[in-house]
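Student: Predicted model, plus sequence, below.
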Amino acid sequence: MEKLVSNWSTNVGAVPEDYIYPPETRPGNKHVPIGESIPVIDLSQVDKGDRTLTIQKIINASQEFGFFQVINHGIPDNVMKEAMSTWKEFFESPPEAKKDLYADRFTTKDCWLFPSSLNYGREKVHMWRDALKHSCHPLQKWHHMWPQTPPRYQECVGACSVEIKKLGSKILRLTSEGLGLHGEFLDQYSQTMALSANYYPACPQPELTLGVTKHADPCIITLLLQDGVSGLQVLKDDTWIGVDPNPHAIVVNIASQLQVLCNDKLKSAEHRAVTNSRKARISASFFIGAFGESIIEPAKALVDEHCPPIYKSFKSKEFLLKFYETYGDSQATLEFFKA
Ligand code: OGA
Ligand code: NI
């Protein structure tokens, strides 16, 4: 457990050498403004306002940024707040309460607490975060494997997971509609959902390290909750844009396998998380994806002789494996599966 950043970070005045990224990838001192350009979409408009316009906003945001936030999404504020406070309590609980879940090398544990990334033992530089990963859907299959501490973990995170999964399916149905596919087309690839709850302790030299290195998520779509602390940044045209840390909104991002399904009509966006010297930050990423054996390929309805398939067919699990083999290099992974 001594490798958890939260275990030692309060005792150091400088970032240890194996957490310092090379100058080309470290954040440096360049100010990254919070981008007002990342679209904020009012989802209540789907039922109560202009449905077609709202779908168009989702499609435009997914083409331009691969990222947007949704507000008035229907998930009660207290459900999100309770889940966030549960993760905070989990990460801040004494080592004794967490030790059975901990591993710093690859494991098949269903509920896994680890420092940095799934690749701690093989990576050159470590990320300034601790993370807890577990499956969430279907709830009955997984929730008994979740942390026992705090005691309300299963109840609060369970309630939040169910809501997030419903919202994810709704966004996939709207996206299908916007692309002219049949309504359930994309949602049929949402059989699984895994959580990564991320804890980024305050860092004495945020310019030298990263909470999460640049990547696009390898699943279908990701929904992310943040506390009020900034840190998430999106890459657009070689420029980093900060995402407004609105604890009431949900960040949505198009992931790589969705980019494949829609034959590049939407793009998965590369993003990263930076740290800060003042305050620990917590976020929760819900990765929605297909079963490992599912075949992923460009939708037949989106390809023809003028617009041939850009990618081969593959099993969803082959894509994930390639992503981990390349240490999370999303570009290389997409490239590998090109037709
Ligand atoms: C992730 C991720 C960003 C954040 O978990 O895949 O990109 O803000 N997290 O925590
Ligand atoms: Ni991500």
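Tutor: Sure thing, it's come through. Numbers count the residues shown, from 1 in each chain. Ligands and ions are numbered 1, 2, ... in the order given.
Student: quick one: contacts for Gln188?
Tutor: For Gln188, no contacting residues are found, by C-beta atoms under 8 Å, 6 or more residues apart in numbering. All C-beta atoms are positioned from the backbone trio N, CA, C, and that covers glycine.
Student: That one should be in a helix, yeah?
Tutor: Yes. Counting by DSSP: H, G, I helix; E, B strand; the rest coil, Gln188 is found in a helix.
Student: That one and Ser169: what is the separation?
Tutor: 10 Å (C-beta to C-beta, to the nearest Å).
Student: any idea which helix or strand carries Thr222?
Tutor: Secondary structure assigned from DSSP states H and E places Thr222 in strand 221-226.
Student: Tell me which helix or strand comes right after that strand.
Tutor: Counting by DSSP H and E, what follows strand 221-226 is strand 232-236.
Student: middle-most residue in the protein, spatially?
Tutor: Ser285 (4.1 Å; C-alpha atoms, centre = their mean).
Student: Is it correct that that residue is in contact with Thr222?
Tutor: Yes. Between Ser285 and Thr222 there is a contact under C-beta atoms under 8 Å: 5.5 Å.
Student: in the protein, which helix or strand is least confident?
Tutor: Within the chain, confidence by mean pLDDT, DSSP states H and E is lowest for helix 95-98 among all helices and strands, at a mean of 91.
Student: on that earlier part again, contacts only, for the residue nearest to the centre of the chain.
Tutor: Leu195, Ser196, Asn198, Asp217, Thr222, Leu223, Leu224.
Student: Just among those residues, which is most surrounded?
Tutor: Compared across those, Asp217 has the highest neighbour count, 27 neighbours, by other C-beta atoms under 10 Å.
Student: residues from this structure in reach of ligand 1?
Tutor: Proximity of the chain to ligand 1, by C-beta under 6 Å from any ligand atom, involves residues Ser196, Asn198, Val212, Asp217, Gly231, Leu232, His271, Ala273, Ser283, Ser285.
Student: Make TSV from those residues and add pLDDT to it.
Tutor: Shown next, in TSV, are these (pLDDT from 0 to 100):
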residue	pLDDT
Ser196	98
Asn198	98
Val212	97
Asp217	97
Gly231	97
Leu232	98
His271	97
Ala273	98
Ser283	98
Ser285	98
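Student: Tell me which two in these are the farthest apart.
Tutor: The distance between the two most remote of the residues of the chain next to ligand 1 (C-beta to C-beta) is 16.2 Å, for Asp217 and Gly231.
Student: Just the buried residues of stretch 104-121, please?
Tutor: Buried residues in stretch 104-121, defined by neighbour count with 16 or more other C-beta atoms under 10 Å: Cys111, Trp112, Leu113, Phe114, Pro115, Ser116, Ser117, Leu118, Asn119, Tyr120.
Student: any idea how far Tyr324 lies from Thr209?
Tutor: To Thr209, Tyr324 is 22 Å away according to C-beta to C-beta.
Student: just to revisit the earlier point, contacts for the least confident helix or strand of the chain?
Tutor: Met1, Asn7, Phe90, Leu113, Pro147, Gln148, Thr149.
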